[in-house]
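>>> Just a sequence and a predicted model for now, questions to come.
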Amino acid sequence: MLYILKIMLYICNILLYIKYNYKGDIMKARRIYNRISILRQERGISRKELAGEIGVNFQTVGYLEREEYNPSLDLAFRISEFFSLPVEMIFSTEPLKPLSQELFDQIRKTGG
Amino acid sequence: MTVRVSKPNKKAGILALSITIVLVAFFIYLGETYGWSEYIASGEIAAVLAAIISFMHFFVKIQRREVLKGSRRAGVVLNYFSLLVLLFCFYLGKSNGFNLPVVLIGLGALGAIIASFIVVHMRTRLWHLTHAHSDMLDEREIQIAHHSLRFSYGLFTVICLALLIVNEFLREYGAGYGRTPLMPIIGALIYLAHTLPSSVLAWTETEV
């Protein structure tokens, strides 16, 4: 009986480990906003074509566009190189304004 | 840069298939020479299943199709429920004799296992995702494969320990049921160990 109790305690231990560790580090990561979807549509390319250019699976592009996955620094730079835009124009830790609004704000700031 | 798509290794496939065919022939030889005991029969079934799975994994190209999350979850439940039914049929047949209804239900469960396996694991490419070399996957796929493997490892341990408890109970209070042949359960556990990671992904991922 003691043997069975020991196994049951071990099971509880593992279940608690699973509960607190599964996808734990993914959930803790803060959300990164991006403009991939709008830039892709602007250039008239499909998810598959973009995926081929940046070297990922096309489903990963879907996850990136829905902001369900935060890219690595390497992938973020590959995306920015593909769109020929600075990384901060594509990715942000705060919700992104429309590109036209951002351009207008910049022009107003510089006084042009 | 090109898209990296996980492709099964043909050489490894030929090797795996050859090994399983040799095992099938070996169990047939054992059965014919020493008589078909339940252990030899279980070994033969396991070798045939391994041959089918390795053939499907390495040589059959099933067109990739998106399967909705609800259907994937239903497929996972059906797959493991059918596995339990198959095991139940085996032990029922062993204790009461393999009559026609038991054999038919067992064959139906086997068919359901194969059908749900194709829909949930092969058609969605999840099987290849959890079995592919990391060079073949992108960073997100490596991340989700790692998480699903870690989760499955824990779950598999829990299932094995639960089986140990059941076995201990049966040995103490089950009037001889604790000494049942373990070959089918071991076979089911091997199947579980291989399919759990992709089942976890089928259950949790929004788009596969």
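That came through fine.
>>> Could you use CA atoms for every contact and neighbour count after this?
OK.
>>> And the next helix or strand past the worst-scoring helix or strand of chain A on mean pLDDT?
One helix or strand of chain A scores below all others by mean pLDDT, DSSP states H and E: helix A:24-28, with a mean of 52. Next helix or strand after helix A:24-28 toward the C-terminus (DSSP states H and E): strand A:33-34.
>>> now that next one, how far from the centre of its chain.
Centroid displacement of strand A:33-34 relative to its chain, using CA atoms, centre = their mean, to the nearest Å, is 7 Å.
>>> What separation do you get for residue B:32 and chain A?
To chain A, residue B:32 is 42 Å away according to CA to the nearest CA, to the nearest Å.
>>> Just say helix, strand or coil for that residue.
Recorded secondary structure, residue B:32: helix (DSSP: H, G, I helix; E, B strand; the rest coil).
>>> And for it, the neighbour number?
Residues lying near residue B:32 (other CA atoms under 10 Å in any protein chain shown) number 10.
>>> for residue B:182, same thing?
The tally of other residues near residue B:182 (other CA under 10 Å) stands at 12.
>>> hey, where'd the helices end up in the chain?
Defaulting to chain A. Using DSSP state H, the helices of chain A run over residues A:2-21, A:24-28, A:36-43, A:47-54, A:58-65, A:73-83, A:87-90, A:99-110.
>>> could you do chain B instead?
Applying DSSP H to chain B gives helices spanning B:10-34, B:38-59, B:69-96, B:100-117, B:126-131, B:139-173, B:183-204.
>>> hmm, stretch B:112-128 in reach of chain A?
No: Stretch B:112-128 stays clear of chain A (CA under 8 Å from any CA of the partner chain), getting no nearer than 11.8 Å.
>>> Would you mark the buried spots in that stretch?
Buried residues in stretch B:112-128, counting neighbours by 16 or more other CA atoms under 10 Å in any protein chain shown, are found at B:112-113, B:116-128.
>>> End to end on it, go ahead and measure it.
Using CA to CA, to the nearest Å, the end-to-end distance of stretch B:112-128 comes to 21 Å.
>>> With stretch B:93-100 instead?
Stretch B:93-100 stretches 10 Å from its first residue to its last (CA to CA).
>>> Contacts for it next, please.
Stretch B:93-100 is contacted from outside by B:92, B:102-103, using CA atoms under 8 Å, 6 or more residues apart in numbering or on different chains.
>>> Give me every residue in chain A that's in contact range of chain B.
Chain A comes close to chain B at residues A:4, A:7-8, A:11, A:14-15, A:18, A:22-23, A:51-57, A:59-60, A:69, A:71-72, as judged by CA under 8 Å from any CA.
>>> Can you say which of those are buried?
Here, 16+ other CA under 10 Å leaves A:4, A:7-8, A:11, A:14-15, A:18, A:22-23, A:51-52, A:54-57, A:59-60, A:69, A:71 buried among the residues of chain A next to chain B.
>>> which among the contacts of stretch B:93-100 end up buried?
The buried subset of the contacts of stretch B:93-100 - by 16+ other CA under 10 Å - is B:102-103.
>>> with the contacts of stretch B:93-100 in mind, which one is nearest to chain A?
Comparing the contacts of stretch B:93-100 against chain A with CA to the nearest CA places residue B:92 closest, at 26.2 Å.
>>> mind listing what that closest one touches?
Shown in contact with residue B:92 (CA under 8 Å, 6+ apart): B:98, B:102.
>>> What's the mean pLDDT across stretch B:9-27?
Computed over stretch B:9-27, the mean pLDDT rounds to 85.
>>> Count residues in the vicinity of residue B:132, would you?
Considering only other CA under 10 Å, residue B:132 is surrounded by 18 other residues.
>>> How much space separates it from residue B:32?
The gap separating residue B:132 from residue B:32 is 38 Å, by CA to CA.
>>> Likewise for residue B:77?
Relative to residue B:32, residue B:77 is positioned 38 Å away (CA to CA).
>>> ok, back up a step: tell me which of the helices of chain B sits nearest to residue A:29.
Among the helices of chain B, helix B:139-173 comes nearest to residue A:29, with 13.4 Å by CA to CA.
>>> got the angle for the closest one vs helix A:58-65?
Taking axes from the mean of the first three to the mean of the last three CA atoms, to 10 degrees, one finds helix B:139-173 and helix A:58-65 inclined to each other by 100 degrees.
>>> relative to helix A:73-83, how tilted is helix B:139-173?
140 degrees.
>>> so residue B:79 makes contact with residue B:117?
Yes: using CA atoms under 8 Å, residue B:79 makes contact with residue B:117 at a distance of 6.7 Å.
>>> By mean pLDDT, which helix or strand of chain B comes out lowest?
Every helix and strand in chain B was compared by mean pLDDT, DSSP H and E; the lowest is helix B:38-59, with a mean of 78.
>>> okay, and for chain B, where does confidence drop off?
Flagging of chain B using pLDDT under 70 yields the residue ranges B:1-8, B:62-63, B:174-181.
>>> So which of the helices of chain B is the most surrounded?
Between the helices of chain B, helix B:126-131 has the highest mean count of neighbours, a mean of 22, where neighbours are mean count of other CA atoms under 10 Å in any protein chain shown.
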